[in-house]
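coordinates only, sequence not included:
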């Protein structure tokens, strides 16, 4: 059964954040709240963790995993982004947006879309997520926690623990920003294309 860790949403306790990070570094898979539903995550080099996430989500090799980043500095060396898109991402982050971009050689190959060499990336506006990724010192490999046959991400830690406690190592309990998924913006073709309308405002786009 997963370890259930309750972290304060406004002032995440350093001791508990470090406990979660230690478990991540040990190769474990966690569920954590974000600004748009729960996500499941592991460290970038964790191949076994990635396969466990695939199994929980029941997704194939074309699924876009997401780099869950603390800030743009963490993101910069992992994706290919031009100046215009750099400004766009800076203007929308931190926030409930996922950007699809070409990955660099620094991204584990297993994370990349095999045909497009693309990866998702996001910088969430959520104190608990930010504390964990900041303490880890590198992005997490993540996927929105949407169960097979469902359309919305899970949003309550106790429900995650009750339904997936046997498949996860740690469930971090805390409130999510909103219940819905992120807005997904595909930048990989050289144009900003809205792939999924979610929690993020898209009024600035011509859609």
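Sure thing, it's come through. Please read these numbers as outputs of a predicted model, since none were measured by experiment.

Distance across stretch 186-203, terminal residue to terminal residue?
16 Å (Cα to Cα, to the nearest Å).

Can you give the contact residues for it?
35-36, 81, 85, 88, 92, 95-97, 99-102, 116, 118, 177-178, 180-185, 205, 207 (Cβ atoms under 8 Å, 6 or more residues apart in numbering). For the C-beta atoms, the positions are set from N, CA and C on the backbone; glycine is no exception.

ok, of those residues, which come out buried?
Among these, those buried by neighbour count (16 or more other Cβ atoms under 10 Å) are 35-36, 81, 85, 88, 92, 95-97, 99-102, 118, 177-178, 180-185.

in the helix or strand of the chain with the lowest mean pLDDT, what counts as buried?
Least confident helix or strand, the chain: helix 72-76 with a mean of 84, by mean pLDDT, DSSP states H and E. In terms of neighbour count (16+ other Cβ under 10 Å), helix 72-76 has its buried residues at 74, 75.

how many other residues sit next to residue 1?
9 (other Cβ atoms under 10 Å).

mind listing the strands in the protein by residue range?
All strands of the chain, identified by DSSP state E, fall at 3-6, 30-33, 38-43, 66-68, 79-80, 97-103, 118-122, 140-144, 170-173, 183-186, 193-196.

any idea how far residue 126 is from residue 18?
Distance of residue 18 to residue 126, given as Cβ to Cβ, to the nearest Å: 18 Å.

With residue 88 instead?
21 Å.

so who does residue 102 touch?
79, 80, 116, 117, 118, 119, 188.

Tabulate those (JSON lines), appending distance to residue 150.
Converted to JSON lines, the contacts of residue 102 look like this (distance: Cβ to Cβ, whole Å):
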{"residue": "79", "distance to residue 150": "29"}
{"residue": "80", "distance to residue 150": "33"}
{"residue": "116", "distance to residue 150": "26"}
{"residue": "117", "distance to residue 150": "29"}
{"residue": "118", "distance to residue 150": "25"}
{"residue": "119", "distance to residue 150": "24"}
{"residue": "188", "distance to residue 150": "27"}
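
between these, which is closest to residue 166?
residue 119 (28.9 Å; Cβ to Cβ).

how many neighbours does residue 148 have?
Other residues close to residue 148 by other Cβ under 10 Å number 8.

Same question for the one 10 residues further on.
Other residues within reach of residue 158, judged by other Cβ under 10 Å, total 12.

is it true that it touches residue 173?
Yes. Residue 158 lies in contact with residue 173 (Cβ atoms under 8 Å); the separation is 6.9 Å.

Not counting residues beside it along the chain, what's closest to residue 133?
residue 70 (4.3 Å; Cβ to Cβ, 6 or more residues apart in numbering).

for that neighbour, phi and psi?
With angles defined as degrees, to the nearest 10, residue 70 sits at phi -80, psi -40.
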